[in-house]
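Engineer: Build the 3D model from these lines:
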Amino acid sequence: MLKIIIITMLQVFLFSSDMSQSLVEKQINESFITKYEYGKMLYNNPRGISCAKCHGDDGKGMLLSSFKHTAKDVVYSCQVKTTDMTRISFQKFTEKLESDTLLMDKLKFEKPQVCEKLIYGNTMPKYFLTKDEQETIHYYITHVKQK
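Structural biologist: Now for the predicted structure:
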């Protein structure tokens with residue numbers, strides 16, 4: 001008898017948990033602004049510089065700059081590009097947002113890696129986003145291709 005009561009209580013708990021999650025998602029998507037729309041708004045105007053300025057409207061990255069660098073009579077053609085964020089994990093996304101360029105590991109570069117050495121580092125602006133805002137932007141950029 002006790003087993004039946006425990007099993008019944010467990011089923012009720014699991015059903016109510018699934019149901020409450022479903023209600024929360026429904027409430028989010030039927031609210032004044034959807035999670036996707038809020039993510040788009042944050043992506044385009046987080047606090048200062050828009051993510052879209054460097055990563056493009058679709059988050060797939062873009063070429064920011066090209067330049068030539070001369071070292072010991074050798075001319076190097078360098079490019080500064082941003083990465084595609086549409087397939088990045090949330091953990092990697094937050095690491096990039098929160099990393100400190102002053103604390104980055106000092107990498108050793110080979111002699112022909114002149115361009116890599118010149119552009120090494122995290123140039124992401126410090127937005128001071130909350131975890132919820134980070135998660136919302138990540139949701140937007142990982143779903144933008146579906147809209």
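Engineer: tell me, what residue is most central in this protein?
Structural biologist: Centroid check for the chain by Cα atoms, centre = their mean gives residue 93 as the closest residue, at 3.8 Å.
Engineer: surely that one meets residue 136?
Structural biologist: No: using Cβ atoms under 8 Å, residue 93 is not in contact with residue 136, being 11.4 Å away. Using the backbone N, CA and C atoms, a C-beta is placed for each residue, glycine as well.
Engineer: Quick one: the strands in this protein, in order.
Structural biologist: For the chain, the strands defined by DSSP state E cover 63-71, 74-81.
Engineer: With mean neighbour count as extra columns, can I get those in a markdown table?
Structural biologist: Output for these, formatted as a markdown table (neighbours: other Cβ atoms under 10 Å):
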| stretch | mean neighbour count |
| --- | --- |
| strand 63-71 | 11 |
| strand 74-81 | 12 |
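Engineer: Save those strands as CSV, and put in distance to residue 53 and mean pLDDT too.
Structural biologist: Formatted as CSV, the strands of the chain follow (distance: least, Cβ to Cβ, whole Å; pLDDT from 0 to 100):
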stretch, distance to residue 53, mean pLDDT
strand 63-71, 9, 86
strand 74-81, 13, 85
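Engineer: Which of the ones you listed sits closest to residue 115?
Structural biologist: With Cβ to Cβ as the criterion, residue 115 lies closest to strand 74-81 of the strands of the chain, at 3.6 Å.
Engineer: Share the number of residues neighbouring residue 83, please.
Structural biologist: 15 (other Cβ atoms under 10 Å).
Engineer: typed the wrong thing, it's residue 85
Structural biologist: 24.
Engineer: if I look at it, how far off is residue 137?
Structural biologist: Going from residue 85 to residue 137 by Cβ to Cβ, to the nearest Å gives 9 Å.
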